[in-house]
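[1] Sequence and predicted structure are below.
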Amino acid sequence: MELSEALDFIRGRRNGIVTAIKRDGRPQLSNISYLLGDDGKIRISVTDGRAKTANLRRDPRVSLYVGRDDFWAYVVVEGTADLAPVSTAPNDQTADDLVALYRGLAGEHPNWDEYRAAMVADRRTVLTISPQRAYGMLTNTG
């Protein structure tokens, strides 16, 4: 499967499963919402201190599984994870990036000051996946 075909498939979707590698080598999976940017990179809001964040800091290999609603078509995008610094102030770059991510996923927030403060309190950061290859099945064989 061509990477461009996989990115076209995930572009119209928002939910998937991100997979990191645990210390013992087994997969660690998390349900997430993501945004595919115009730059071809996938962005996800994550919390510092959670398993996926710790695992991706240790080993940046990452996969994103996205399925079609009927279950019979799917894509797995493999890539490298990059974690922004944890947001420590309501107007730092990471908070700005989290606002942009929220807008891309859900539109306008009713109170951006409250949202930014929550991102700092929650120790949020942005996980950026740089896609490198993909595989999957886009035909309906159910």
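    Looks like it came in fine.

[2] going forward, measure contacts and count neighbours with C-alpha atoms only.
    OK.

[3] so where is this structure shaky, pLDDT-wise?
    For the chain, the stretches flagged by pLDDT under 70 are 140-142.

[4] Adjacent strands (with direction) for the host helix or strand of residue 44?
    Residue 44 belongs to strand 42-47 when assigned by DSSP states H and E. The pairing partners recorded for strand 42-47 under DSSP bridges are strand 35-36 (antiparallel), strand 124-137 (antiparallel).

[5] closest to residue 56 out of the ones you listed?
    strand 124-137 (9.0 Å; Cα to Cα).

[6] Could you give me the buried positions within that closest one?
    124-131, 133-136 (16 or more other Cα atoms under 10 Å).

[7] which residues sit against it?
    Under the criterion Cα atoms under 8 Å, 6 or more residues apart in numbering, residues 1-3, 6, 40-48, 62, 72-87, 94-95, 97-98 lie in contact with strand 124-137.

[8] Please indicate which of the residues you listed are buried?
    3, 6, 42-48, 62, 73-83, 85-87, 94-95, 97-98.

[9] Narrow those residues to those in helices?
    Among those, the members found in helices (DSSP state H) are 3, 6, 94-95, 97-98.

[10] hmm, back to that, continuing past the strand holding residue 44, what's the next helix or strand?
    In N-to-C order, the element after strand 42-47 by DSSP H and E is helix 51-58.

[11] quick check: angle from that next one to strand 124-137?
    Per axes from the mean of the first three to the mean of the last three Cα atoms, to 10 degrees, the angle that helix 51-58 makes with strand 124-137 is 90 degrees.

[12] ok, the closest residue to residue 104 other than its chain neighbours - how many residues close by?
    Leaving out its chain neighbours, the residue that sits closest to residue 104 by Cα to Cα, 6 or more residues apart in numbering is residue 35, at 6.8 Å. Number of residues near residue 35 (other Cα atoms under 10 Å) recorded here: 23.

[13] mind listing what residue 91 touches?
    residue 116 are the contacts of residue 91 under Cα under 8 Å, 6+ apart.
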